[in-house]
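Visitor: Fold the following for me, if possible:
(2 chains)
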Number of protein chains: 2
Amino acid sequence: MTSTALLTDRYELTMLDAALRDGTALRPSVFEVFSRRLSGGRRYGVLAGTGRVLDAVEAFRFGDTELDWLRTEGVVSSRTLDWLADYRFSGSISGYREGELYFPSSPVLTVEGTFAEGVILETLILSILNADSAIATAAARMVSAAGERPLAEMGSRRTHEQAAVSSSRAAWIAGFSATSNLEAGRTWGVPTMGTAAHAFTLLHDSEEEAFRAQIDAMGAGTTLLVDTYDVMAAIETAVRLVGRDLGAVRIDSGDLPVVVKAVRDRLDELGATSTRITVTNDLDEYAIAALAASPVDSYGAGTRLVGGSGHPTAGFVYKLVERADVDGSMRPVAKKSVEKAGNAGRKWAFRLLEDGVAIQERIVVADAEPEVAGARDLVVPLVVDGRIDPAFTGTAGVRAAREHHARVVAELPQVAMRLSGGDPAIPTVLA
Amino acid sequence: MTSTALLTDRYELTMLDAALRDGTALRPSVFEVFSRRLSGGRRYGVLAGTGRVLDAVEAFRFGDTELDWLRTEGVVSSRTLDWLADYRFSGSISGYREGELYFPSSPVLTVEGTFAEGVILETLILSILNADSAIATAAARMVSAAGERPLAEMGSRRTHEQAAVSSSRAAWIAGFSATSNLEAGRTWGVPTMGTAAHAFTLLHDSEEEAFRAQIDAMGAGTTLLVDTYDVMAAIETAVRLVGRDLGAVRIDSGDLPVVVKAVRDRLDELGATSTRITVTNDLDEYAIAALAASPVDSYGAGTRLVGGSGHPTAGFVYKLVERADVDGSMRPVAKKSVEKAGNAGRKWAFRLLEDGVAIQERIVVADAEPEVAGARDLVVPLVVDGRIDPAFTGTAGVRAAREHHARVVAELPQVAMRLSGGDPAIPTVLA
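Guide: Numbering: from 1, shown residues only, chains lettered A, B, ... in the order given. Here you go, the predicted structure:
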């Protein structure tokens, strides 16, 4: 397992250094991850990345490579280097299930331990949750815009090569059907799919030869890319080669509603009534919604998805909300700057439902979890005294997150499915 | 070295499979990376990621882990698996130096080899160049808006944890002075820096105790975060503790022009005239430009930088532009879809200068590099017959890219520094 320890801002370690020096580092502390608002006036957010956070915490160890570099650079004192050499997170983490929805102030992750143990995880935890949740939130909107039609994730080439893998994972959790990314298939069990590129057609001496080569290798059920030269000519060639068994055609350019209708008409005229049409080309939730009345069978989303459809980060922050005083008693804390003021204290969260429809995000400040009648308890233990619950990690964790997401998104009121900017679908009430 | 082979779209391998089957896979081919336009009406683009591409090509090998998974999933035939097992890129890659500027149609990378060798690198090469160049381009605009004042990259928490590392690298190439990201320091030699978080103040029983702890550990030259409670009170505390030697204060909230002026006035009244002021808080090139008249000494940019300041991907595509016919002669190729039409043929590029100022991006289609008088040759060999030129990789490659960027950005005409959207700073002429 590659160490994740230096995927960290320098100040986490220098704060640790100063706190070890004055003795405050070992004060029991509670850090909370939450978002002050939903980016872009979205109606709900989708939490993703929790399983990856747990893996990253497990791999947050300082080996010789990391310690030697820190020593050479003089980042922290030798006492702090000794402390880091022995570091292994031994605290507890609780939070929302991966795939769960969140709203402003939802405490999606809570880290409890000493200040030292918690502070050095800040950067890494935020990187993962902010990136993955931005993608999952955009993906969920596309899934709802697509209705019953399946969506494939194809954005690998438009984002960092490792972000591509986690974006596929996040999109799948939020309801996409498949990904083009092979590593996401291998690591996270996301179903993989693919069609062909224009290069494959251009490699061959004619479009017909390219289609024949693809059909020979992949079978008649394959998806042929038909817009390299002339779309209508390509469709005739394709149907001539395989007849009505042609699986699907992909269209990647042009004014899609017009082209799609013409393609469907021509396929039907040629008798290929069961041949499906898949469209790609910078689709986002708005473009997908605009194709609702077009005879599209499936969508591929790439660029706009991996960019979070205009909001590439989720806006989560990681704040100290409670810490021990000298006498050991816990004290809620929060900064006071007007536009960034926080809510002090350890929190629990519940989703209130009425006739199966979500009506409120209820957040309660309390040391231990209270009972809230008629509400779904949102906070579950993920790590207890350093032991990670394996149910939330690996491919099983991803499958569970996908199922959980499908369940909870169905509870949202109708207004949540509006693509326009506005207020959160349900109010957050801090009790 | 971890394999990069599955950081790839499935269709690259299925196209390979079909092309190996019909014999076209071994046709000599030329693939080109270019961008049809500059995102967001930017005046120029900054190429970054080339050094990472070379490392990724080196690591693009199919070991047992990758082959076993492909076999189990039935992605490609056993013949193709055998071919992949032996794969090692043996072709040539040429392109713009990392840090170089680019314009619409600039051939920033050209991959020559068989179709098979080139096609399977498409996804990975695009992932890296699109992500890194988007960051470098945004970074360069912030650097030009900041003028002589230094900029630190602090966006790790707002992007994927590995994208954070390459974003730091890209920002440094484009002229940032430092990063908060430790892994970018270790891997790429980017200078690291840091201040402190609000959590550190909240951990302590008073702001004064927090400041004292930080000063004890880091010295009087440290940067104190002064906006946890009351900014003016914090400044008085800070100066009382260390006097005029106080290194710097950081402000992370409020209406910055107003707060910065008040802070400067108060510091000066207290005699701390050499104490610097650094500001953070979602800065982008526009916010930085708006602070030009304020007494700011340095900036920290995070969220907006790692999101490419609204354009998180560079829009590069990877297209087959030339390939052999059956008789071995090379044939230029391009697709014909109206809005995505490409320019066929192997290309070379030159920047024409007049009195040291760039006036034109000249692109010439030719088999071998032509001479263009009075122009800077933009295309250099990066990989020759599978051998990577080490000058473009590692920390030396990053330093060279940073120096090259500083040199070439100084050649741009004044109009290039306008932050408003518009035409590219110089025209692209395809000869």
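Visitor: ok, the top helix by length along chain A near chain B or not?
Guide: For chain A, the longest helix by residue count, based on DSSP state H, is helix A:122-146. Yes - part of helix A:122-146 sits near chain B under the criterion Cβ under 8 Å from any Cβ of the partner chain, namely A:122-124, A:126-128, A:130-131. C-betas here are computed from N, CA, C, even on glycine.
Visitor: I'd like the mean pLDDT over that helix, please.
Guide: For helix A:122-146, mean pLDDT rounds to 98.
Visitor: Counting neighbours, which bits of the helix or strand following it end up buried?
Guide: Counting by DSSP states H and E, the next helix or strand C-terminal to helix A:122-146 is strand A:151-153. Applying a neighbour-count criterion of 16 or more other Cβ atoms under 10 Å in any protein chain shown, one finds A:151-153 buried in strand A:151-153.
Visitor: Check stretch A:236-247 too.
Guide: A:237-239, A:241-242, A:246-247.
Visitor: May I see the residues of helix A:122-146 next to chain B organised as CSV, with neighbour count added?
Guide: CSV is the format used below for these (neighbours: other Cβ atoms under 10 Å in any protein chain shown):
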residue, neighbour count
A:122, 25
A:123, 26
A:124, 27
A:126, 27
A:127, 33
A:128, 27
A:130, 28
A:131, 34
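Visitor: related to what we said a few turns ago, among the buried residues of stretch A:236-247, which are in helices?
Guide: A:237-239, A:241-242.
Visitor: want to throw those residues into a markdown table with distance to chain B and pLDDT?
Guide: Below are these laid out as a markdown table (distance: Cβ to the nearest Cβ, whole Å; pLDDT from 0 to 100):
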| residue | distance to chain B | pLDDT |
| --- | --- | --- |
| A:237 | 15 | 97 |
| A:238 | 15 | 97 |
| A:239 | 19 | 96 |
| A:241 | 14 | 95 |
| A:242 | 14 | 93 |
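Visitor: Can you tell me what sits against stretch A:416-427?
Guide: Outside stretch A:416-427, the residues that touch it by Cβ atoms under 8 Å, 6 or more residues apart in numbering or on different chains are A:38, A:40-44, A:103-104, A:141, A:144-145, A:285-286, A:289, A:351, A:358-361, A:412-413, A:415.
Visitor: whoops, I mixed them up, stretch A:400-415
Guide: Applying Cβ under 8 Å, 6+ apart, the contact partners of stretch A:400-415 are A:43-44, A:46, A:48, A:50-51, A:97-101, A:136, A:140, A:144, A:172-175, A:351, A:353, A:356-359, A:391-392, A:422, A:425-426.
Visitor: switch the cut-off to 6 Å
Guide: Stretch A:400-415 is contacted from outside by A:97-101, A:173, A:357-358, A:425, using Cβ atoms under 6 Å, 6 or more residues apart in numbering or on different chains.
Visitor: near chain B, anything from the helix or strand containing residue A:65?
Guide: Under the criterion of DSSP H and E, residue A:65 resides in helix A:64-73. Yes - judged by Cβ under 6 Å from any Cβ of the partner chain, helix A:64-73 and chain B are in contact via residue A:69.
Visitor: Report all helices and strands that that helix contacts.
Guide: Contacts defined by 3 or more Cβ pairs under 6 Å, 6 or more residues apart in numbering or on different chains; DSSP states H and E place helix A:64-73 against helix A:78-85.
Visitor: at 10 Å instead, please
Guide: Counting contacts by 3 or more Cβ pairs under 10 Å, 6 or more residues apart in numbering or on different chains; DSSP states H and E, helix A:64-73 packs against helix A:10-22, helix A:78-85, helix B:182-188.
Visitor: how about those in a markdown table, adding distance to residue B:307 and mean neighbour count?
Guide: Listed next are the helices and strands packed on helix A:64-73 as a markdown table, based on distance: least, Cβ to Cβ, whole Å; neighbours: other Cβ atoms under 10 Å in any protein chain shown:
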| stretch | distance to residue B:307 | mean neighbour count |
| --- | --- | --- |
| helix A:10-22 | 21 | 24 |
| helix A:78-85 | 31 | 15 |
| helix B:182-188 | 17 | 24 |
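Visitor: And these: which comes nearest residue A:294?
Guide: Proximity to residue A:294, assessed across these by Cβ to Cβ, is greatest for helix B:182-188 (45.5 Å).
Visitor: now could you export just the CA positions of that closest one as PDB?
Guide: What follows is helix B:182-188 as a C-alpha-only set of coordinates in PDB (Å, rounded to 0.1, in the frame of the first residue of the first chain):
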ATOM      1  CA  LEU B 182       4.100  18.200   0.600                       C
ATOM      2  CA  GLU B 183       4.100  15.400  -2.000                       C
ATOM      3  CA  ALA B 184       4.600  18.000  -4.700                       C
ATOM      4  CA  GLY B 185       7.700  19.100  -2.800                       C
ATOM      5  CA  ARG B 186       9.000  15.500  -2.500                       C
ATOM      6  CA  THR B 187       8.200  14.300  -6.000                       C
ATOM      7  CA  TRP B 188       8.700  17.400  -8.100                       C
END
